[in-house]
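Enquirer: Got a predicted structure plus its sequence, pasted below:
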Amino acid sequence: MSQYSQFIPLKSVPQGRLAIWLLIAGEFVIFGGLIICYLLYRMRYPEWAEQTKHTNTFLGALNMLVLLTGSYTGVRAHAAALNKQLNKIVLWMSISIICGFLFLINKSLEYAHEISNGLTFNSQKLQDAGDSVGSLFWSFYYIMTGLHATHVIVGIIVFTVILNQARKGKNLHRVELGVMYWHMVDIIWIFLFPLLYIAK
Amino acid sequence: MEDKIGIEIPDPQTDYHGHPKYGRVFLRLLLLAATSIVCGLLFPPAVSISIIFLIAVIQAGLVLRNFMHMKYEPLLIWIISISILFTLFMLFYGVYTDITPVVREIAK
(Lines give C-alpha, C1' and ligand atoms only; values in the text may rest on other atoms or scores of the structure.)
Protein backbone atom coordinates (compact mmCIF):
# COMPACT_ATOMS: atom_id res chain seq x y z
CA MET A 1 0.00 0.00 0.00
CA SER A 2 1.32 3.47 -0.81
CA GLN A 3 1.83 6.26 1.68
CA TYR A 4 -1.31 7.92 0.35
CA SER A 5 -3.68 4.99 0.29
CA GLN A 6 -2.93 3.99 3.87
CA PHE A 7 -4.90 7.05 4.97
CA ILE A 8 -7.84 6.11 2.78
CA PRO A 9 -7.94 2.33 2.99
CA LEU A 10 -11.59 1.97 2.06
CA LYS A 11 -12.47 5.56 1.32
CA SER A 12 -15.34 5.96 -1.11
CA VAL A 13 -14.21 7.10 -4.53
CA PRO A 14 -15.52 10.49 -5.77
CA GLN A 15 -18.46 10.02 -8.15
CA GLY A 16 -16.72 11.35 -11.23
CA ARG A 17 -13.71 9.09 -10.80
CA LEU A 18 -15.86 6.06 -10.05
CA ALA A 19 -17.96 6.75 -13.15
CA ILE A 20 -14.90 7.04 -15.39
CA TRP A 21 -13.39 3.86 -13.90
CA LEU A 22 -16.63 1.98 -14.61
CA LEU A 23 -16.67 3.33 -18.18
CA ILE A 24 -13.05 2.26 -18.64
CA ALA A 25 -13.85 -1.19 -17.20
CA GLY A 26 -16.64 -1.62 -19.76
CA GLU A 27 -14.36 -0.53 -22.60
CA PHE A 28 -11.68 -3.00 -21.51
CA VAL A 29 -14.22 -5.82 -21.64
CA ILE A 30 -15.21 -4.86 -25.21
CA PHE A 31 -11.65 -4.50 -26.52
CA GLY A 32 -10.35 -7.35 -24.35
CA GLY A 33 -12.93 -9.67 -25.89
CA LEU A 34 -11.91 -8.62 -29.40
CA ILE A 35 -8.21 -9.03 -28.64
CA ILE A 36 -8.75 -12.47 -27.08
CA CYS A 37 -10.75 -13.65 -30.12
CA TYR A 38 -8.04 -12.23 -32.41
CA LEU A 39 -5.33 -14.11 -30.49
CA LEU A 40 -7.27 -17.38 -30.60
CA TYR A 41 -7.90 -17.06 -34.34
CA ARG A 42 -4.25 -16.17 -34.82
CA MET A 43 -3.34 -19.43 -33.06
CA ARG A 44 -5.79 -21.29 -35.28
CA TYR A 45 -4.68 -19.64 -38.54
CA PRO A 46 -0.88 -19.16 -38.58
CA GLU A 47 -1.30 -18.02 -42.22
CA TRP A 48 -2.56 -14.69 -40.84
CA ALA A 49 1.13 -13.80 -40.51
CA GLU A 50 1.09 -13.37 -44.30
CA GLN A 51 -1.63 -10.70 -44.01
CA THR A 52 0.11 -8.77 -41.22
CA LYS A 53 2.99 -8.14 -43.62
CA HIS A 54 0.70 -5.68 -45.41
CA THR A 55 0.28 -3.44 -42.35
CA ASN A 56 2.55 -0.42 -42.12
CA THR A 57 4.80 -0.82 -39.04
CA PHE A 58 6.25 2.68 -39.40
CA LEU A 59 2.83 4.38 -39.31
CA GLY A 60 1.75 2.08 -36.45
CA ALA A 61 4.85 3.01 -34.43
CA LEU A 62 4.30 6.69 -35.25
CA ASN A 63 0.76 6.38 -33.93
CA MET A 64 2.12 4.76 -30.77
CA LEU A 65 4.46 7.74 -30.29
CA VAL A 66 1.62 10.19 -30.98
CA LEU A 67 -0.76 8.54 -28.48
CA LEU A 68 1.89 8.22 -25.76
CA THR A 69 2.78 11.90 -26.25
CA GLY A 70 -0.92 12.77 -25.98
CA SER A 71 -1.09 10.83 -22.71
CA TYR A 72 2.00 12.57 -21.34
CA THR A 73 0.69 16.05 -22.20
CA GLY A 74 -2.62 14.95 -20.66
CA VAL A 75 -1.05 14.25 -17.26
CA ARG A 76 0.80 17.56 -17.49
CA ALA A 77 -2.58 19.26 -18.08
CA HIS A 78 -3.92 17.49 -15.00
CA ALA A 79 -0.94 18.71 -12.95
CA ALA A 80 -1.56 22.24 -14.28
CA ALA A 81 -5.25 21.98 -13.32
CA LEU A 82 -4.30 21.23 -9.73
CA ASN A 83 -2.17 24.37 -9.66
CA LYS A 84 -4.90 26.39 -11.43
CA GLN A 85 -2.52 27.31 -14.25
CA LEU A 86 -5.14 27.94 -16.92
CA ASN A 87 -2.70 28.83 -19.70
CA LYS A 88 -0.77 25.61 -19.18
CA ILE A 89 -3.97 23.56 -19.17
CA VAL A 90 -4.89 25.09 -22.54
CA LEU A 91 -1.37 24.45 -23.89
CA TRP A 92 -1.09 20.80 -22.79
CA MET A 93 -4.63 19.85 -23.70
CA SER A 94 -4.29 21.50 -27.11
CA ILE A 95 -1.19 19.37 -27.76
CA SER A 96 -3.18 16.26 -26.79
CA ILE A 97 -5.95 17.25 -29.22
CA ILE A 98 -3.38 17.81 -31.99
CA CYS A 99 -1.96 14.34 -31.21
CA GLY A 100 -5.46 12.93 -31.63
CA PHE A 101 -5.81 14.54 -35.06
CA LEU A 102 -2.34 13.32 -36.07
CA PHE A 103 -3.36 9.79 -35.11
CA LEU A 104 -6.48 10.03 -37.27
CA ILE A 105 -4.51 11.42 -40.23
CA ASN A 106 -2.01 8.53 -39.99
CA LYS A 107 -4.84 6.03 -39.67
CA SER A 108 -6.66 7.40 -42.70
CA LEU A 109 -3.40 7.24 -44.73
CA GLU A 110 -3.07 3.60 -43.72
CA TYR A 111 -6.67 2.81 -44.57
CA ALA A 112 -6.34 4.55 -47.95
CA HIS A 113 -3.27 2.45 -48.80
CA GLU A 114 -4.86 -0.82 -47.69
CA ILE A 115 -8.22 -0.21 -49.35
CA SER A 116 -6.53 0.81 -52.61
CA ASN A 117 -4.74 -2.57 -52.53
CA GLY A 118 -8.06 -4.40 -52.20
CA LEU A 119 -7.47 -5.30 -48.54
CA THR A 120 -10.90 -4.37 -47.31
CA PHE A 121 -13.39 -5.49 -44.70
CA ASN A 122 -14.35 -9.02 -45.86
CA SER A 123 -11.91 -8.54 -48.75
CA GLN A 124 -13.42 -9.58 -52.09
CA LYS A 125 -9.94 -9.69 -53.63
CA LEU A 126 -8.78 -12.33 -51.14
CA GLN A 127 -12.03 -14.27 -51.36
CA ASP A 128 -11.73 -14.44 -55.16
CA ALA A 129 -8.21 -15.80 -54.64
CA GLY A 130 -9.71 -18.47 -52.35
CA ASP A 131 -8.15 -16.94 -49.25
CA SER A 132 -11.20 -16.54 -46.99
CA VAL A 133 -8.96 -16.97 -43.93
CA GLY A 134 -6.93 -13.92 -44.96
CA SER A 135 -10.17 -12.04 -45.51
CA LEU A 136 -11.15 -12.76 -41.90
CA PHE A 137 -7.93 -11.10 -40.70
CA TRP A 138 -8.91 -7.85 -42.40
CA SER A 139 -12.38 -8.02 -40.83
CA PHE A 140 -10.73 -8.18 -37.41
CA TYR A 141 -8.26 -5.46 -38.37
CA TYR A 142 -10.92 -2.97 -39.46
CA ILE A 143 -13.26 -3.72 -36.52
CA MET A 144 -10.50 -3.32 -33.91
CA THR A 145 -8.72 -0.31 -35.39
CA GLY A 146 -11.98 1.33 -36.53
CA LEU A 147 -13.53 1.02 -33.07
CA HIS A 148 -10.32 2.36 -31.56
CA ALA A 149 -10.22 5.31 -33.97
CA THR A 150 -13.85 6.07 -33.04
CA HIS A 151 -12.72 6.27 -29.41
CA VAL A 152 -9.94 8.68 -30.42
CA ILE A 153 -12.58 10.90 -32.10
CA VAL A 154 -14.68 10.78 -28.91
CA GLY A 155 -11.52 11.63 -26.90
CA ILE A 156 -10.91 14.69 -29.09
CA ILE A 157 -14.51 15.87 -28.60
CA VAL A 158 -14.31 15.29 -24.81
CA PHE A 159 -11.00 17.15 -24.61
CA THR A 160 -12.38 20.06 -26.65
CA VAL A 161 -15.41 20.42 -24.34
CA ILE A 162 -13.28 20.18 -21.18
CA LEU A 163 -10.67 22.57 -22.61
CA ASN A 164 -13.38 25.11 -23.37
CA GLN A 165 -14.59 24.98 -19.77
CA ALA A 166 -11.10 24.88 -18.23
CA ARG A 167 -10.10 27.94 -20.30
CA LYS A 168 -12.71 29.89 -18.32
CA GLY A 169 -11.56 28.34 -15.05
CA LYS A 170 -14.63 26.07 -14.75
CA ASN A 171 -14.83 22.40 -13.79
CA LEU A 172 -11.08 21.90 -13.55
CA HIS A 173 -11.60 18.51 -11.89
CA ARG A 174 -12.92 17.24 -15.24
CA VAL A 175 -9.45 17.61 -16.76
CA GLU A 176 -8.28 14.51 -14.91
CA LEU A 177 -11.40 12.54 -15.85
CA GLY A 178 -10.97 13.36 -19.55
CA VAL A 179 -7.29 12.50 -19.38
CA MET A 180 -8.11 9.11 -17.82
CA TYR A 181 -10.30 8.34 -20.85
CA TRP A 182 -7.36 9.25 -23.09
CA HIS A 183 -5.07 6.89 -21.20
CA MET A 184 -7.61 4.11 -21.75
CA VAL A 185 -7.47 4.74 -25.51
CA ASP A 186 -3.67 4.70 -25.23
CA ILE A 187 -3.61 1.34 -23.40
CA ILE A 188 -5.82 -0.25 -26.08
CA TRP A 189 -3.36 0.86 -28.77
CA ILE A 190 -0.48 -0.52 -26.69
CA PHE A 191 -2.05 -3.97 -27.26
CA LEU A 192 -3.28 -3.46 -30.84
CA PHE A 193 0.05 -2.19 -32.12
CA PRO A 194 2.17 -5.30 -31.42
CA LEU A 195 -0.58 -7.70 -32.46
CA LEU A 196 -1.38 -6.07 -35.80
CA TYR A 197 1.89 -4.37 -36.76
CA ILE A 198 4.85 -6.15 -35.18
CA ALA A 199 3.95 -9.86 -34.93
CA LYS A 200 4.62 -10.68 -38.59
CA MET B 1 -15.83 25.08 -5.10
CA GLU B 2 -14.31 28.46 -6.05
CA ASP B 3 -11.22 30.29 -4.83
CA LYS B 4 -10.83 34.02 -4.17
CA ILE B 5 -10.50 35.03 -7.80
CA GLY B 6 -13.51 33.01 -8.88
CA ILE B 7 -11.71 30.08 -10.45
CA GLU B 8 -13.30 26.73 -9.78
CA ILE B 9 -10.70 24.45 -8.28
CA PRO B 10 -10.75 20.67 -8.27
CA ASP B 11 -12.37 19.10 -5.28
CA PRO B 12 -9.49 18.06 -2.98
CA GLN B 13 -11.19 14.67 -2.70
CA THR B 14 -10.47 14.01 -6.35
CA ASP B 15 -6.77 14.55 -5.82
CA TYR B 16 -6.08 12.11 -3.04
CA HIS B 17 -3.35 10.52 -5.07
CA GLY B 18 0.30 11.35 -5.45
CA HIS B 19 2.10 12.41 -8.62
CA PRO B 20 4.92 10.24 -9.94
CA LYS B 21 7.62 11.66 -12.19
CA TYR B 22 5.66 11.64 -15.44
CA GLY B 23 8.66 12.41 -17.66
CA ARG B 24 10.49 9.28 -16.52
CA VAL B 25 7.40 7.12 -17.06
CA PHE B 26 6.98 8.58 -20.56
CA LEU B 27 10.61 7.76 -21.43
CA ARG B 28 10.22 4.21 -20.13
CA LEU B 29 7.12 3.76 -22.29
CA LEU B 30 9.00 4.96 -25.38
CA LEU B 31 11.93 2.64 -24.60
CA LEU B 32 9.60 -0.33 -24.20
CA ALA B 33 7.83 0.49 -27.50
CA ALA B 34 11.22 0.63 -29.26
CA THR B 35 12.23 -2.68 -27.62
CA SER B 36 9.10 -4.41 -28.87
CA ILE B 37 9.77 -3.22 -32.44
CA VAL B 38 13.37 -4.51 -32.26
CA CYS B 39 12.14 -7.87 -30.87
CA GLY B 40 9.69 -8.15 -33.76
CA LEU B 41 12.57 -7.69 -36.22
CA LEU B 42 15.12 -9.93 -34.48
CA PHE B 43 13.24 -12.99 -33.24
CA PRO B 44 11.12 -15.58 -35.05
CA PRO B 45 7.33 -14.98 -34.83
CA ALA B 46 6.62 -17.64 -32.17
CA VAL B 47 9.17 -16.08 -29.79
CA SER B 48 8.57 -12.44 -30.69
CA ILE B 49 4.78 -12.63 -30.16
CA SER B 50 5.29 -13.78 -26.57
CA ILE B 51 7.94 -11.15 -25.83
CA ILE B 52 6.07 -8.23 -27.38
CA PHE B 53 2.84 -9.21 -25.67
CA LEU B 54 4.71 -9.28 -22.35
CA ILE B 55 6.17 -5.85 -23.12
CA ALA B 56 2.64 -4.58 -23.94
CA VAL B 57 1.44 -5.82 -20.53
CA ILE B 58 4.33 -3.98 -18.82
CA GLN B 59 3.54 -0.79 -20.79
CA ALA B 60 -0.17 -0.99 -19.91
CA GLY B 61 0.82 -1.50 -16.26
CA LEU B 62 3.01 1.61 -16.33
CA VAL B 63 0.19 3.74 -17.78
CA LEU B 64 -2.39 2.33 -15.36
CA ARG B 65 -0.19 2.68 -12.27
CA ASN B 66 1.40 6.05 -12.95
CA PHE B 67 -0.61 8.05 -15.51
CA MET B 68 -4.01 6.82 -14.25
CA HIS B 69 -2.77 6.87 -10.64
CA MET B 70 -4.07 3.40 -9.98
CA LYS B 71 -1.38 2.73 -7.41
CA TYR B 72 -3.02 5.36 -5.22
CA GLU B 73 -6.59 4.15 -5.73
CA PRO B 74 -8.60 2.58 -2.90
CA LEU B 75 -9.58 -1.06 -2.76
CA LEU B 76 -12.86 -0.56 -4.66
CA ILE B 77 -11.08 0.31 -7.92
CA TRP B 78 -8.76 -2.69 -7.55
CA ILE B 79 -11.78 -4.95 -7.07
CA ILE B 80 -13.35 -3.57 -10.29
CA SER B 81 -10.07 -4.11 -12.17
CA ILE B 82 -9.57 -7.66 -10.93
CA SER B 83 -13.16 -8.54 -11.85
CA ILE B 84 -12.46 -7.33 -15.41
CA LEU B 85 -9.37 -9.55 -15.62
CA PHE B 86 -11.39 -12.46 -14.30
CA THR B 87 -14.14 -11.83 -16.91
CA LEU B 88 -11.58 -11.79 -19.71
CA PHE B 89 -9.92 -14.92 -18.34
CA MET B 90 -13.29 -16.72 -18.36
CA LEU B 91 -14.00 -15.46 -21.89
CA PHE B 92 -10.66 -16.83 -23.08
CA TYR B 93 -11.37 -20.33 -21.81
CA GLY B 94 -15.04 -20.08 -22.77
CA VAL B 95 -14.32 -19.52 -26.46
CA TYR B 96 -10.98 -21.37 -26.63
CA THR B 97 -12.50 -24.69 -27.67
CA ASP B 98 -14.89 -23.00 -30.13
CA ILE B 99 -12.16 -21.21 -32.04
CA THR B 100 -9.08 -23.37 -31.82
CA PRO B 101 -9.15 -26.81 -33.49
CA VAL B 102 -7.56 -28.61 -30.51
CA VAL B 103 -10.65 -30.42 -29.20
CA ARG B 104 -11.90 -31.42 -32.66
CA GLU B 105 -8.50 -32.93 -33.46
CA ILE B 106 -8.50 -34.89 -30.22
CA ALA B 107 -12.05 -36.12 -30.99
CA LYS B 108 -10.87 -37.45 -34.35
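Expert: Perfect, thanks for sending it.
Enquirer: pull the helix or strand with minimum mean pLDDT from chain A.
Expert: The helix or strand of chain A with the poorest confidence is helix A:124-128; it has a mean of 76 (mean pLDDT, DSSP states H and E).
Enquirer: where does chain A have low pLDDT?
Expert: Within chain A, the stretches with pLDDT under 70 are A:1-12.
Enquirer: ok, longest helix in it?
Expert: Counting residues, the longest helix in chain A under DSSP state H turns out to be helix A:132-167.
Enquirer: picking that back up, which of the residues in the least confident helix or strand of chain A are buried?
Expert: For helix A:124-128, the neighbour count (16 or more other Cβ atoms under 10 Å in any protein chain shown) marks A:Leu126 as buried. No exception for glycine: its C-beta is placed from N, CA and C like everyone else's.
Enquirer: How far away from the center of its chain is it?
Expert: In terms of Cα atoms, centre = their mean, to the nearest Å, the centre of helix A:124-128 is found 30 Å from the chain centre.
Enquirer: Repeat that for stretch B:38-49.
Expert: 21 Å.
Enquirer: what's the average pLDDT for that stretch?
Expert: The pLDDT scores in stretch B:38-49 average 82.
Enquirer: Compute the first-to-last residue distance for that stretch.
Expert: 12 Å (Cα to Cα, to the nearest Å).
Enquirer: Low-confidence ranges, chain B, go.
Expert: Low-confidence segments of chain B (pLDDT under 70): B:1-16, B:102-108.
Enquirer: how about the residue nearest to the spatial centre of it, secondary structure?
Expert: Per Cα atoms, centre = their mean, the C-alpha nearest to the average position across chain B is that of B:Ala60, at 2.8 Å. When classified by DSSP: H, G, I helix; E, B strand; the rest coil, B:Ala60 comes out as helix.
Enquirer: And for it, nearest residue in space, chain neighbours not counted?
Expert: In space, and not counting its chain neighbours, B:Ala60 is closest to A:Ile187: 4.8 Å by Cβ to Cβ, 6 or more residues apart in numbering or on different chains.
Enquirer: and the angle for whichever strand or helix holds the one you found with helix A:132-167?
Expert: For A:Ile187, the enclosing helix or strand under DSSP states H and E is helix A:173-193. Angle of helix A:173-193 versus helix A:132-167, following axes from the mean of the first three to the mean of the last three Cα atoms, to 10 degrees, is 160 degrees.
Enquirer: picking that back up, for the longest helix of chain A, what is the distance to the chain centroid?
Expert: Relative to its chain's centre, helix A:132-167 lies at 6 Å (Cα atoms, centre = their mean).
Enquirer: so does it get close to chain B?
Expert: No: remark: helix A:132-167 sits outside contact range of chain B, by Cβ under 8 Å from any Cβ of the partner chain, the gap being at least 8.8 Å.
Enquirer: Can you point out the buried residues in that helix?
Expert: So, applying 16+ other Cβ under 10 Å, buried residues of helix A:132-167: A:133-138, A:140-142, A:144-145, A:148-149, A:151-152, A:155-156, A:158-159, A:162-163, A:166.
Enquirer: Which elements pack onto the biggest helix by length in chain B?
Expert: If you go by DSSP H, chain B has its longest helix at helix B:75-99. Judged by 3 or more Cβ pairs under 8 Å, 6 or more residues apart in numbering or on different chains; DSSP states H and E, helix B:75-99 is in contact with helix A:15-44.
Enquirer: what packs against whatever helix or strand A:Leu67 lives in?
Expert: Per DSSP H and E, A:Leu67 falls inside helix A:57-82. The contact analysis (3+ Cβ pairs under 8 Å, 6+ apart) places helix A:57-82 against helix A:86-116, helix A:173-193, helix B:22-42.
Enquirer: Out of those, flag the one nearest A:Ile20.
Expert: When those are compared by Cβ to Cβ, helix A:173-193 sits nearest A:Ile20, at 4.8 Å.
Enquirer: So which elements touch that closest one?
Expert: The contact analysis (3+ Cβ pairs under 8 Å, 6+ apart) places helix A:173-193 against helix A:15-44, helix A:57-82, helix A:86-116, helix A:132-167, helix B:45-62.
Enquirer: deepest of those, which one?
Expert: Ranked by mean neighbour count, these are led by helix A:57-82 with a mean of 22 (mean count of other Cβ atoms under 10 Å in any protein chain shown).
Enquirer: and the angle for that helix with helix A:132-167?
Expert: Following the same axes, to 10 degrees, one obtains 20 degrees for the angle between helix A:57-82 and helix A:132-167.
Enquirer: ok, the nearest residue to B:Ile55 once chain neighbours are set aside - contacts?
Expert: Distances taken as Cβ to Cβ, 6+ apart place B:Ser36 nearest to B:Ile55, at 4.4 Å, with adjacent residues excluded. B:Ser36 sits next to A:Phe193, A:Pro194, A:Ile198, B:Ile51, B:Ile52, B:Ile55, B:Ala56 when contact means Cβ atoms under 8 Å, 6 or more residues apart in numbering or on different chains.
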